[in-house]
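Chemist: sharing a sequence plus its predicted fold:
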Amino acid sequence: MALPATAKQVTVTKRGLNYRECTEIRNVPVPNPQAGQVLVKNKFVGINATDVNISSGRYFVDPTLKPPFIAGLEGIGPIVAVGEGVTNLKIGQAVAFLQYGTFAEYVIVPADIAVPVPSTDPSFMSIVISGLTASVGLEEEGDLKAGKTVLVTAAAGGTGQFAVQIAKLAGCHVIGTCSSPEKADFLKSIGCDRVINYKKESFREVITKEYSNKLDVVYECVGKEMFDVSLQNLAIKGRLIVIGAISGYKDAEGANASELIPKVPVGMEIVQKSASVRGFLLPLFPEKIPLHIATLAKQFAEGKIKVTLDKGENVAKGPFKGLEKTADAVEHLYSGKNIGKVIVEL
């Protein structure tokens, strides 16, 4: 297969939280894989809330890295070239991958992090980052057991949908938060026992009235009031797992950081209940990834877990097709209107 001389990539040209203003499409030479690497022709890329953290340099990206650099965190596609010494992967094989700098038509990927998948179905890409964040996070930090009460915030998102279903498979009572009737219906369809549409009813009032001091596990990615109320209503030995704080990602850098600081005394809340607050970052658990990918892929193939994708078909600026649409897709995610994992087709 003859490769083109140049191809498109989304380049971060300056640091900042306005993804559209900080990125542009550039034509760059198609790279050649070196020893231990493969070249992947992306078919789909995944959109994540932290894409604005990457463009701003807040975290995940080496703070010494200066623009220009490639945006993006995950992709899926066939291998089109292999470097010297790569024997476990071959041309034509579909792989999904998680690394910095994926929003490009052709991407160099280290062979040891390219995950072989049955096809370039973007559902498998969703499993690799969103599914793993839920699966590994809940196993390592959640101590799920049948009968426990689990709260998932932003439950209709790319990662939340997995957390809901994994908790249900473990026999838990699952509460999910969302912001629209459509999302509420979706959450019911994947097994949520109690859906809280916080645009229609008070999150604080529902939790305080129905689940006061009964939350065994909280899978939290919103921050601010969601964090505070969850912390105050943890059960004895309850666990609050923080995977992010999307409510503060697009604040002006440093200007509103105080809003993310809990307004309740964290120390006393957890001491009096022998509870805990735990952070979780997937890249710190590389040894867990192969087994969890295999488990999630099997559950998906058997229909035990559903993967819902949002390709922007019903969005004014959609569908999301072509790297030029990554900014539209990021803005769609931050609008809070997406259901499932937001993806862009190349």
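Modeler: Yep, that arrived.
Chemist: when you work out contacts or count neighbours from here on, use the C-alpha atoms and nothing else.
Modeler: Will do.
Chemist: show me the shaky parts of the stretch 51-200 of the chain.
Modeler: 59-63 (pLDDT under 70).
Chemist: recalculate using a threshold of 90.
Modeler: The stretch 51-200 of the chain contains residues with pLDDT under 90 at 52-66, 98-100, 128-129.
Chemist: how about the strands in the stretch 1-150 of the chain?
Modeler: 6-12, 23-29, 37-41, 44-46, 69-70, 74-82, 94-98, 106-110, 115-116, 149-152 (DSSP state E, counting those that start in this stretch).
Chemist: can you lay out the ones you listed as TSV showing distance to Ala245 and mean neighbour count?
Modeler: TSV is the format used below for the strands of the stretch 1-150 of the chain (distance: least, C-alpha to C-alpha, whole Å; neighbours: other C-alpha atoms under 10 Å):
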stretch	distance to Ala245	mean neighbour count
strand 6-12	22	21
strand 23-29	23	17
strand 37-41	32	25
strand 44-46	19	28
strand 69-70	24	20
strand 74-82	20	26
strand 94-98	20	25
strand 106-110	29	23
strand 115-116	28	20
strand 149-152	13	26
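Chemist: now tabulate those strands in CSV and tack on distance to Ala297.
Modeler: Output for those, formatted as CSV (distance: least, C-alpha to C-alpha, whole Å):
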stretch, distance to Ala297
strand 6-12, 29
strand 23-29, 33
strand 37-41, 21
strand 44-46, 17
strand 69-70, 29
strand 74-82, 15
strand 94-98, 12
strand 106-110, 21
strand 115-116, 11
strand 149-152, 22
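Chemist: and those strands: which comes nearest Tyr219?
Modeler: Distance to Tyr219, taken as C-alpha to C-alpha, is lowest for strand 149-152 among these, at 4.8 Å.
Chemist: in terms of secondary structure, what does the closest one contact?
Modeler: helix 160-169, strand 173-178, strand 215-220 (3 or more C-alpha pairs under 8 Å, 6 or more residues apart in numbering; DSSP states H and E).
Chemist: need those in JSON lines (columns: distance to Gly36 and mean neighbour count).
Modeler: Below are the helices and strands packed on strand 149-152 laid out as JSON lines (distance: least, C-alpha to C-alpha, whole Å; neighbours: other C-alpha under 10 Å):
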{"stretch": "helix 160-169", "distance to Gly36": "32", "mean neighbour count": "25"}
{"stretch": "strand 173-178", "distance to Gly36": "42", "mean neighbour count": "24"}
{"stretch": "strand 215-220", "distance to Gly36": "36", "mean neighbour count": "26"}
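Chemist: need the contact partners of the longest helix anywhere in the chain.
Modeler: Ranked by residue count, the top helix of the chain under DSSP state H comes out as helix 289-301. The contact list for helix 289-301, computed with C-alpha atoms under 8 Å, 6 or more residues apart in numbering, reads 124, 127-128, 131-132, 135-136, 305-307.
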